[in-house]
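**Q** for reference, the sequence and a predicted model appear below.
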Amino acid sequence: MVTLETPRLILRRWREEDIAPMAAVHADPVVMRWIRDGGVRDEEQTRRGVRAWESEWESEGFGLFAVEIRSTGELAGFTGLSVPRFLPEVLPAVEVGWRLGRSHWGQGLATEAATAAVRFGFEERGLERIVSIAQVGNDASERVMTKLGMRPVRETVHPTCGRRVRVFELRSDRYVAPPVDGGRSR
């Protein structure tokens, strides 16, 4: 079972006790503003989501990690890799994504977590290309994408909600690995 460690975070597979704190993240309309149509999710929707994320680990060999704060054990949200099937025009592709509770914003945690996920994708899963997709206007996510070394490659419309999205990309031949303490695997 893959676990990644960064200076402040543990990225690990999901546990039953993660459902309630992740559902609290999903219930916050400010967090969910830039996700699909901006609607919140309840605990059962979160539970189904976690099952789907775990299933992708089994089918693809990668997935979304639960992001735990090392110093407290608190669940902050998720980061990791998934196939963006909702946007067929970018396939084949693997997307790096993240979603953290509001109390964890503005601390560089999304960048730290996503950096570890990108390293895992390129170095341990041998991916040739990783994308990230954000709704136009989600400047915070675009800043994380830029810090990851990604560049915008297209703008299009999210087919399920009609919102404009921007697709960023990083290819393995342009990937520059950050220092090793930015995301170790064990």
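**A** Thanks, I have it.
**Q** and the strands in this structure, which stretches?
**A** Secondary structure of the chain (DSSP state E): strands located at 4-5, 9-12, 64-69, 75-82, 95-100, 129-135, 151-157, 164-171, 184-185.
**Q** Val94 and Met32, how far apart?
**A** Per C-beta to C-beta, to the nearest Å, Val94 is found 23 Å from Met32. Every residue, glycine included, has its C-beta placed from N, CA and C.
**Q** of these two, who's got more company?
**A** Neighbour count, other C-beta atoms under 10 Å: between Val94 and Met32, Val94 has more, with 20 against 17.
**Q** so the most centrally placed residue in the chain bridges to which residues?
**A** Among the residues of the chain, Gly97 comes closest to the average C-alpha position under C-alpha atoms, centre = their mean, at 2.2 Å. Beta bridges link Gly97 to Gly80, judged by DSSP bridges.
**Q** that one touches Ser132, doesn't it?
**A** Yes. With contact defined as C-beta atoms under 8 Å, Gly97 counts as touching Ser132 (6.6 Å).
**Q** anything in contact with each of those two?
**A** Ala114 (C-beta atoms under 8 Å, 6 or more residues apart in numbering).
**Q** could you dump the strands of the chain to CSV with mean pLDDT and distance to Ala113?
**A** CSV is the format used below for the strands of the chain (pLDDT from 0 to 100; distance: least, C-beta to C-beta, whole Å):
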stretch, mean pLDDT, distance to Ala113
strand 4-5, 98, 9
strand 9-12, 98, 6
strand 64-69, 98, 5
strand 75-82, 98, 4
strand 95-100, 98, 6
strand 129-135, 98, 13
strand 151-157, 98, 20
strand 164-171, 98, 16
strand 184-185, 44, 13
